[in-house]
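Undergrad: Please find the sequence and the predicted model below.
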Amino acid sequence: MKFCITFLAFISFNCFANAPLSLNGVGINMSMVDVIKLKGEPTSKSEYADYITDIFTYPKFEVHFNGDDVVGVYSDSINICTPENICIGSRIQDAQALYGKGYSKSKGLYEFYSKQEFTCWYRVFSTHDYIQKIEIACQP
């Protein structure tokens with residue numbers, strides 16, 4: 001039995017390590033056209049002149065672009081999840097079981113780095129051990 005539990009934990013960790021970062025079905029490096037095909041037209045669009053050039057706002061989440069590529073996704077709405085089913089309202093311990101301990105940046109703020117996406121990571125905000133916000137953050 002101990003072997004099965006260890007094996008399942010190993011598989012879960014590898015799934016994250018080999019899977020692209022994604023939130024609500026929107027993944028890093030998707031194009032604007034891909035996002036619109038998947039989610040429809042945003043309720044609003046904002047343009048910026050920095051690393052993040054455009055933000056598409058949808059009812060429960062935001063998608064950040066650099067040029068035509070997704071470089072971030074943010075949500076604090078219920079039922080928004082990662083592919084591994086870590087959602088707003090999940091326990092932070094559940095995220096740590098899947099993604100590893102993570103890096104604690106401050107009280108309630110954790111960053112989980114993927115082996116596949118070197119310049120992007122999940123940033124998770126929690127209160128009283130429950131996830132309140134999830135963001136995919138990237139740096140140039």
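TA: Right, received. Where do you want to start? Numbering: from 1, shown residues only.

Undergrad: right, and residue 22 touches residue 28 too?
TA: Yes. Using C-beta atoms under 8 Å, residue 22 is in contact with residue 28, at 7.4 Å. To be clear about C-beta, it is placed using only N, CA and C from the backbone, and glycine gets the same treatment.

Undergrad: can you pull out the strands in this protein?
TA: 22-23, 26-27, 44-47, 54-58, 61-66, 69-75, 103-106, 109-113, 120-127, 130-138 (DSSP state E).

Undergrad: Same list (those) but as TSV, adding distance to residue 90.
TA: Formatted as TSV, the strands of the chain follow (distance: least, C-beta to C-beta, whole Å):
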stretch	distance to residue 90
strand 22-23	13
strand 26-27	18
strand 44-47	28
strand 54-58	21
strand 61-66	16
strand 69-75	13
strand 103-106	17
strand 109-113	12
strand 120-127	9
strand 130-138	5
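
Undergrad: Out of those, the one nearest residue 92 is which?
TA: Nearest to residue 92 among those is strand 120-127; the distance by C-beta to C-beta comes to 4.3 Å.

Undergrad: same for the closest one, what does it pack against?
TA: If you count contacts as 3 or more C-beta pairs under 8 Å, 6 or more residues apart in numbering; DSSP states H and E, strand 120-127 packs onto helix 92-99, strand 109-113, strand 130-138.

Undergrad: I'd like those as a markdown table, with mean neighbour count appended.
TA: Formatted as a markdown table, those follow (neighbours: other C-beta atoms under 10 Å):
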| stretch | mean neighbour count |
| --- | --- |
| helix 92-99 | 18 |
| strand 109-113 | 18 |
| strand 130-138 | 19 |
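
Undergrad: among the ones you listed, which is nearest residue 81?
TA: Per C-beta to C-beta, nearest to residue 81 of the helices and strands packed on strand 120-127: strand 130-138, 8.2 Å.
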